[in-house]
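> Sequence and predicted structure, then a few things I'm wondering about:
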There are 2 protein chains.
Amino acid sequence: MRDDLTRILDHQELFRGAPDTLYEPIRYIMSLGGKRLRPVLALMACQLFKGDTGKALLPALGLEVFHNFTLLHDDVMDKADMRRGKPTVHAKWNSNVAILSGDAMFALACRLVCHAPVSCQAAVLDAFNDLAIGVCEGQQYDMDFETRDDVSMAEYMEMIRLKTAVLIAGALKVGALLSGVPAKEIQPLYEYGIKVGLAFQLQDDLLDLYADEAKLGKKLGGDIRENKKTYLYIKAMELLDEVDGIALDQYFKAPVPGNLFDGIAKVKAVKALFEKVDVKSHCEREITALFAEAEAALSHLSPDSIDPEALEILRAFGSALVGREF
Amino acid sequence: MRDDLTRILDHQELFRGAPDTLYEPIRYIMSLGGKRLRPVLALMACQLFKGDTGKALLPALGLEVFHNFTLLHDDVMDKADMRRGKPTVHAKWNSNVAILSGDAMFALACRLVCHAPVSCQAAVLDAFNDLAIGVCEGQQYDMDFETRDDVSMAEYMEMIRLKTAVLIAGALKVGALLSGVPAKEIQPLYEYGIKVGLAFQLQDDLLDLYADEAKLGKKLGGDIRENKKTYLYIKAMELLDEVDGIALDQYFKAPVPGNLFDGIAKVKAVKALFEKVDVKSHCEREITALFAEAEAALSHLSPDSIDPEALEILRAFGSALVGREF
């Protein structure tokens, strides 16, 4: 299934047109790879409800194009120069190119998602529009949080729900709708997607500091260096005493270190503060709890509507996602 | 009809949500007014084919939201600080806000356009996706032309076809499809829209230098000051002798004047070169020819499908658009 996707994406006939100055950056970002998670989830959801995945392929690709559009614009907004070990589009070209090629990718994503059977097109588009608006709302919360130092855990979880989980759950919903199953049957799967999406993001927060550096493919502690307030920071601020809390706050108010040495010292110091209140264990327990809730949601799927083998494949995939090491 | 649109847009319940930091800039740009041209054209096209304009209202609004999204991102890319006499979103907030609120507007536009009757939803969305991709392609050509000094008239006309005319023609097509009429009946109206759109843009090029300054609401010659290669510049370069051509080329290679006095001198000098080969008359003749072609296209509409009174309203509106004074 993922091979089909990769083959189509590598062929990239989808991303040709005039002027090539618009389409070349699109082919570039789409060729950088990535897990192709969202379309794979959509196709798995379609299979789960015994649908024809052939009919779901183009809308599923639309989700991947949409996801890459959001990465492209996020990188402009975050001024991030590297993505998947390569220069980002705005670093390789310029920010105008990244803005406009991103806009075109959003339009191309819409066109791909519209390739749904007429019988479910309206529902598929509703789900797609909902996830698109949700992701924008999540990104805005994320930007708002950068200049606030009083972000609560509840606010953080709502932000990652919108920014990450809504797209994962939305991909499952789109895929399920493409099978032709009525929307009400899908609700447990959507809930599964939200919980898995939240757990996925917390795992991401954790891996930033605790992954095997070789597997991660980048330096550990990037979030700390860039003062990104992830689960680890917010939980530590909840748990640390006043003196340590002030120290942590100061580290996250300092300018982003320009040289690697300062960065290393900062990461080491912050990591020590995190470990004083064992935020790693807190985060792991939260991931475990979210994944258990995700699994519980699946038990509400109507057994007659689903293919049990496809359910096992999806569960294994979700488990691997949440427990991934990079 | 325009009153209905204005009432809905003024009410702005469409543009409320959380976080408000995302939606406030959207309400701001949507409140700056403008001609509401594209939704008006969509509703007129719906009426032309005897459709129910009530059912077309939300998709028509979607076109206006889409158009404003393109303005928002164009202003970021052009670093334009003023729009309709007010600060642009990126000037009032910052460019990240403008990028993200723009993205959200694109998603909101898709959601509005999806409010089409199921029977024509697929065709409406195809038309919308086509115009969205066309506008991005046109904007990319426009940016590419900034750094080229060999843009031919044919290339310029193709650029404005994509950037301006495709949206005007697309608005007519979307409105017509919403009446339920089959796509093949619409083709003459689409051609009308393309020709009117081209004439509209050339009129825009002309008004930049020859409008009544009070009516235009801004200083004349903005395109010249900013080295924008419009119809007037390209036609002048075609017609001027070598010495004058080199002089014009030099003016358009000079940095954008920082102070008003330099700007005035430059506009005056360039205007004199334009008038040496009477590009104003060339432009006016081209507008007249395009409008005649537009009118001719309408004669291919099937008389049984259309409301003759609505046709007269549309023709008068198109004529006013092309002959407008500001």
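On my side now, so go ahead.

> quick one: A:P19 and B:G138 touch, right?
No. The pair A:P19 and B:G138 fails to qualify as a contact (C-beta atoms under 8 Å) at a distance of 9.5 Å. Quick note: C-beta positions are derived from backbone N, CA and C, even for glycine.

> which one of the two has more residues nearby?
Using other C-beta atoms under 10 Å in any protein chain shown as the criterion, A:P19 and B:G138 rank with B:G138 on top: 23 against 17.

> In terms of secondary structure, what does the helix or strand encompassing that one contact?
Applying DSSP states H and E as the criterion places B:G138 in helix B:118-146. Helices and strands touching helix B:118-146, by 3 or more C-beta pairs under 8 Å, 6 or more residues apart in numbering or on different chains; DSSP states H and E, are helix A:20-31, helix A:95-113, helix A:118-146, helix B:53-78, helix B:95-113, helix B:153-160, helix B:166-178.

> Tell me who's in contact with the nearest residue to A:T70 once chain neighbours are set aside.
The shortest distance from A:T70 to any non-neighbouring residue, by C-beta to C-beta, 6 or more residues apart in numbering or on different chains, is to A:V135 (5.7 Å). If you count contacts by C-beta atoms under 8 Å, 6 or more residues apart in numbering or on different chains, A:V135 has them with A:70, A:162-163, A:166-167.

> Would you mind finding the most buried of the helices and strands packed on helix B:118-146?
Burial of those is given as mean neighbour count (mean count of other C-beta atoms under 10 Å in any protein chain shown); helix B:166-178 ranks first at a mean of 29.

> Stretch A:4-24: end-to-end distance?
Stretch A:4-24 has an end-to-end distance of 22 Å (C-alpha to C-alpha, to the nearest Å).

> How about stretch A:27-44, which residues are buried there?
The neighbour-count check on stretch A:27-44 (16 or more other C-beta atoms under 10 Å in any protein chain shown) flags A:28-30, A:36-44 as buried.

> do the same with stretch A:83-96
Neighbour count says stretch A:83-96 has A:83, A:88-91, A:93, A:95-96 buried, by 16+ other C-beta under 10 Å.

> How is chain A partitioned into domains?
With domains defined by automatic domain parsing, chain A comprises A:1-162, A:182-326.

> of the ones you listed, which approaches B:G102 most closely?
Among the domains of chain A, domain A:1-162 comes nearest to B:G102, with 7.9 Å by C-beta to C-beta.

> I'd like the distance from that closest one to the chain centre, please.
The chain centroid and the centroid of domain A:1-162 are separated by 10 Å under C-alpha atoms, centre = their mean, to the nearest Å.

> neighbours around A:H300, how many?
Other residues within reach of A:H300, judged by other C-beta under 10 Å, total 12.

> Please name the nearest non-neighbouring residue to it.
Computed as C-beta to C-beta, 6+ apart, the closest residue to A:H300 that is not its neighbour in sequence is A:P188, at 3.9 Å.

> Would you mind confirming that that neighbour is in contact with A:L298?
Yes. Applying C-beta under 8 Å as the test, A:P188 and A:L298 come out as touching, 6.2 Å apart.

> Compare neighbour counts for those two and give me the winner.
For A:P188 versus A:L298, neighbours defined as other C-beta under 10 Å are more numerous around A:L298 (18 against 15).

> Can you name the residues that contact the residue nearest to that one when sequence neighbours are not counted?
Spatial nearest neighbour of A:L298, chain neighbours left out: A:Y192 (5.4 Å); criterion: C-beta to C-beta, 6+ apart. The neighbourhood of A:Y192, defined by C-beta under 8 Å, 6+ apart, consists of A:169, A:172, A:294-295, A:297-298, A:318.

> any idea which of those residues is the one closest to A:L112?
For the contacts of A:Y192, the nearest to A:L112 is A:L172 (17.3 Å; C-beta to C-beta).

> low-scoring stretches of chain A, by residue?
Along chain A, the model assigns pLDDT under 70 to residues A:1-2, A:10-11, A:259-261, A:326.

> what does it put close to chain B?
Within reach of chain B by C-beta under 8 Å from any C-beta of the partner chain, chain A has these residues: A:17-19, A:21-22, A:73, A:76-77, A:96, A:99-100, A:102-104, A:106-108, A:110-111, A:114, A:118, A:121-122, A:125-126, A:128-129, A:132-133, A:136-137, A:139-141, A:143-144.

> again, 7 Å this time
A:17-19, A:21-22, A:73, A:76-77, A:96, A:99-100, A:103-104, A:106-108, A:110-111, A:114, A:118, A:121-122, A:125-126, A:129, A:132-133, A:136-137, A:139-141, A:143-144 (C-beta under 7 Å from any C-beta of the partner chain).

> all helices in the stretch 201-326 of chain A, in order from the N-terminus.
Taking DSSP state H, counting those that start in this stretch to define them, one finds helices in the stretch 201-326 of chain A at A:213-216, A:222-225, A:231-239, A:242-253, A:260-276, A:279-298, A:308-322.

> Show me what the third one is in contact with.
Contacts made with helix A:231-239 from outside it, assessed by C-beta atoms under 7 Å, 6 or more residues apart in numbering or on different chains, are listed as A:151, A:153, A:156, A:202, A:205, A:209, A:245, A:248, A:252, A:273-274, A:277, A:279, A:282-283.

> Could you do the first one as well?
Residues outside helix A:213-216 that contact it (C-beta under 7 Å, 6+ apart) are A:207, A:219-220, A:325-326.

> Report the two of those separated the most.
Taking C-beta to C-beta as the measure, these have their most distant pair in A:K219 and A:E325, spaced 16.4 Å apart.

> and the end-to-end length of stretch A:23-42?
Distance between the two ends of stretch A:23-42: 25 Å, counting by C-alpha to C-alpha.

> Now render the domains of chain A as JSON lines, adding distance to B:L239.
Converted to JSON lines, the domains of chain A look like this (distance: least, C-beta to C-beta, whole Å):
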{"stretch": "domain A:1-162", "distance to B:L239": "27"}
{"stretch": "domain A:182-326", "distance to B:L239": "55"}
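
> picking that back up, and which of the contacts of A:V135 is nearest chain B?
A:T70 (8.0 Å; C-beta to the nearest C-beta).

> helix, strand or coil for A:A116?
Assigned with DSSP: H, G, I helix; E, B strand; the rest coil, A:A116 falls in the coil class.

> okay but it is in contact with A:D126, surely?
No. Assessed by C-beta atoms under 7 Å, A:A116 is found out of contact with A:D126, at 11.1 Å.

> Can you tell me which of the domains of chain A is nearest to B:I264?
Using C-beta to C-beta, the domains of chain A put domain A:1-162 closest to B:I264, at 29.2 Å.

> right, so of the helices and strands packed on helix B:118-146, which gets closest to B:G258?
Nearest of the helices and strands packed on helix B:118-146 (C-beta to C-beta): helix B:53-78, 16.9 Å.
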